[in-house]
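Asks: Prediction below, plus the sequence it came from.
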Amino acid sequence: MVVSVRAPATSANLGPGFDALGLALTWYDEVTGRLARETTVTVHGEGAGELPGDDRHLVVRAIHATFAQLGMPPAPVALTCQNRIPQARGLGSSSAAIVAGVLLGRELAGAAGGALDQPALLRIAAGLEGHPDNVAPCLLGGFTVAWRESSEPDSARAVTVAPADSVRPVLFVPDHRSLTTAARAALPDQVPHRDAAHSAGRAALLVHAVTRDPAPSLLLAATEDRLHQQYRAAAAPATAALVARLRAAGVPAVVSGAGPSVLAFGPVPEQLSSQVGWVCQEMSVDQHGATVRPDMMPAYTG
Ligand SMILES: Nc1ncnc2c1ncn2[C@@H]1O[C@H](COP(=O)(O)OP(=O)(O)OP(=O)(O)O)[C@@H](O)[C@H]1O
Ligand SMILES: N[C@@H](CCO)C(=O)O
């Protein structure tokens, strides 16, 4: 059996919804896979020539984690990846790889894979990623609220809520990269109570604004963050400066995920959309999440 999975880019946090809120975007990686005699990974596009071509590849690790959940050994797989989502830019590339892997793992497991429903896939994916705010929209699509039932990463749950039709995500993507692990290391162990209280109110307002009333003035207030962006600014000054420039002009803008990309809610005035060092991309919200397509190709016979 040959299976193809298409997984969307995502923007997490959306300002005050740190580790909880996420939006699926119409920008996709595609992975085609089958069981094989030895593991091989062919990468086209983003990460070609950089990513490992063996069991260390993130999609393979996610497939094997899914097999393990089903009590199956880590069988070798042959994968072809068509990567379009820029990596280490705060656009959920690692979540797209992980979600593609868990869906491929479920399909390649055959009948046994039927035991894994969407909540189970989310738990496996979030366990690998470490936090659920990118894997949730990648798997479910739309605008998601994710949480953990305990302190364990694999206790993730999520709901998807429909964003208003007029929500227009606009991305500003730089050339340079930043790993999420490095951006998380900049965060303090504790924040002032007033900042936590501020974030609770703004995150709740954001759910209302994105789903019911995405007026720029409301989104501007709703996207104000005090939990993570200020602590990451020193390591990502260009990102912090662009967010500040857009917000000063009345455009609701936030750090996308752990950065360095910036997510704005459009419309973005033309004079602000061309920024030296940044590629500006208008997006739509992906409504479906990752999708599986069984390819009509002959089954691998070994
Ligand atoms: N398509 C992919 N296939 C295999 N590995 C990938 C793929 N995409 C990302 N990765 C791995 O994940 C790393 C980037 O993950 P990281 O979590 O730092 O950034 P991100 O997922 O792009 O952004 P964010 O989580 O902030 O939205 C890459 O350096 C690479 O090791
Ligand atoms: N919530 C995560 C998103 C990045 O994957 C962070 O900001 O570190």
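Replies: Everything's here; your move. Numbering: from 1, shown residues only. Ligands and ions are numbered 1, 2, ... in the order given.

Asks: Nearest to ligand 1: which residue in the stretch 201-302 of the chain?
Replies: At 3.0 Å from ligand 1, Gly257 is the closest residue in the stretch 201-302 of the chain, using CB to the nearest ligand atom. For the C-beta atoms, the positions are set from N, CA and C on the backbone; glycine is no exception.

Asks: Not counting sequence-adjacent ones, nearest residue to that residue?
Replies: Spatially, and ignoring its direct neighbours in sequence, Gly257 is nearest to Gly90 (3.5 Å; CB to CB, 6 or more residues apart in numbering).

Asks: and the residue of the stretch 201-302 of the chain closest to ligand 1, how many neighbours?
Replies: The burial count assigned to Gly257 is 28, neighbours taken as other CB atoms under 10 Å.

Asks: element containing it?
Replies: Applying DSSP states H and E as the criterion places Gly257 outside every helix and strand.

Asks: Ile98 now?
Replies: helix 93-108.

Asks: After that helix, heading C-terminal, what element do we hit next?
Replies: helix 118-129.

Asks: Please determine whether that following helix lies in contact with ligand 2.
Replies: No. Shown here: helix 118-129 not in contact with ligand 2 (CB under 6 Å from any ligand atom), separated by at least 7.2 Å.

Asks: If you count neighbours, what's buried in that helix?
Replies: Buried residues in helix 118-129, counted by 16 or more other CB atoms under 10 Å: 120-129.

Asks: The helix or strand that comes right after that helix packs against which elements?
Replies: For helix 118-129, the following helix or strand on the C-terminal side (DSSP H and E) is helix 135-140. Under the contact criterion of 3 or more CB pairs under 8 Å, 6 or more residues apart in numbering; DSSP states H and E, helix 135-140 touches strand 2-12, strand 21-35, helix 93-108, helix 118-129, strand 143-148, strand 156-161.

Asks: so can I have CSV of these showing distance to Gly277 and mean pLDDT?
Replies: Output for the helices and strands packed on helix 135-140, formatted as CSV (distance: least, CB to CB, whole Å; pLDDT from 0 to 100):
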stretch, distance to Gly277, mean pLDDT
strand 2-12, 19, 97
strand 21-35, 20, 98
helix 93-108, 20, 98
helix 118-129, 28, 98
strand 143-148, 29, 98
strand 156-161, 34, 97
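
Asks: circling back: of the buried residues of helix 118-129, closest to Pro163?
Replies: Comparing those against Pro163 with CB to CB picks out Leu122 as the nearest, at 19.5 Å.

Asks: Surely the closest one touches Ala136?
Replies: Yes. Contact status for Leu122 versus Ala136: in contact at 6.5 Å, counting by CB atoms under 8 Å.

Asks: need the residues of the stretch 51-200 of the chain near ligand 1, please.
Replies: Contact residues (CB under 6 Å from any ligand atom) of the stretch 51-200 of the chain with ligand 1: 51, 57-59, 81, 83, 87-95, 97, 134, 179-180.

Asks: Mind checking which of those residues are buried?
Replies: Neighbour-count burial (16+ other CB under 10 Å) applied to these gives 51, 57-59, 81, 83, 87-95, 97, 134, 180.

Asks: for ligand 1, what are the nearby residues on the stretch 201-302 of the chain?
Replies: Near ligand 1, when you scan the stretch 201-302 of the chain using CB under 6 Å from any ligand atom, you find 257-258.

Asks: Contact residues of the stretch 201-302 of the chain facing ligand 2?
Replies: Going by CB under 6 Å from any ligand atom, the residues of the stretch 201-302 of the chain near ligand 2 are 228, 257-258.

Asks: Redo those residues as TSV? Include pLDDT.
Replies: Formatted as TSV, these follow (pLDDT from 0 to 100):
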residue	pLDDT
His228	98
Gly257	97
Ala258	97
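
Asks: Nearest to Gly22, out of the residues you listed: which one, please.
Replies: Of those, the one sitting nearest to Gly22 (CB to CB) turns out to be Gly257, at 8.5 Å.

Asks: ok, that closest one touching Gln87?
Replies: No. Contact criterion CB under 8 Å: Gly257 and Gln87 do not qualify, at 11.8 Å.

Asks: among the helices and strands packed on helix 135-140, which is the most enclosed?
Replies: Between the helices and strands packed on helix 135-140, helix 93-108 has the highest mean count of neighbours, a mean of 28, where neighbours are mean count of other CB atoms under 10 Å.
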